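Asks: build me a model from this:
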Amino acid sequence: VAAICVSRNVEVGEELLVDYGLQYCLRNQLPHPDAEDWALDLAAFSRLTHCSSRLAALERAAAAAAQQWSDGALSLGSVEAEISRVQAQVKELHATGIMGVQMRGLSEVGVEQVKELQHELTKRVDRLLGTLSASLEQLRVQIT
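Replies: Numbers count the residues shown, from 1 in each chain. Okay, here's the model as predicted:
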């Protein structure tokens, strides 16, 4: 529920323009008439930096699960479930976070830098997914 304050009466059928504010629009990758390209660039870099941090956390989670398995603290089924969970989150992060950054409105330099950062993050994702797939395969061999 939201309260809306209007400057004049709104007639039936008349459209109402709602300004969510520059910060909200930048954070949610929505167009805003006052958003300059440098601010859009910065918002895109911020989003990708957050993705990089999240990817690092998933890398640590995968390493921790492997270590716990090695130490005997996790059962085979538990470590397999944890690796599968991390794998799904990595795929989701890549699809919606890393590749979900909008290029619309970025400066030319910003577009190039965002593409470079996306490429670097995608390489990290591919390495991690490869490691996770190999780990799952090894676990499945041990199960049989």
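
Asks: count the residues that sit near residue 128.
Replies: For residue 128, the neighbour count with other CB atoms under 10 Å is 18. C-beta coordinates here come from the backbone N, C-alpha and C atoms, glycine included.

Asks: roughly how far does it sit from residue 93?
Replies: 10 Å (CB to CB, to the nearest Å).

Asks: which residues are in contact with each of these two?
Replies: 55, 58 (CB atoms under 8 Å, 6 or more residues apart in numbering).

Asks: helix or strand: which one has residue 6?
Replies: Under DSSP states H and E, no helix or strand contains residue 6.

Asks: check the contact between it and residue 16; I expect there is one.
Replies: Yes. When contacts are counted by CB atoms under 8 Å, residue 6 is listed as touching residue 16 (7.5 Å).

Asks: give me the pLDDT value at residue 88.
Replies: Here the pLDDT value assigned to residue 88 is 97.

Asks: next helix or strand past the helix or strand harbouring it?
Replies: Using DSSP H and E, the element containing residue 88 is helix 76-92. Sequence-wise, the next helix or strand beyond helix 76-92 is helix 108-143, with elements assigned using DSSP H and E.

Asks: angle of that following helix against helix 76-92?
Replies: Inter-element angle recorded for helix 108-143 and helix 76-92: 160 degrees (by axes from the mean of the first three to the mean of the last three CA atoms, to 10 degrees).

Asks: show me what helix 108-143 is packed against.
Replies: helix 37-71, helix 76-92 (3 or more CB pairs under 8 Å, 6 or more residues apart in numbering; DSSP states H and E).

Asks: buried ones in stretch 125-132?
Replies: Within stretch 125-132, the residues that count as buried by 16 or more other CB atoms under 10 Å are 125, 128, 131-132.

Asks: what does it rub up against?
Replies: So stretch 125-132 is contacted by 55, 58-59, 62, 83, 86-87, 90-91, 93-94, 98 (CB under 8 Å, 6+ apart).

Asks: select, from those residues, the two members most distant in space.
Replies: Across those, the longest distance by CB to CB is 20.4 Å; it joins 83 and 98.
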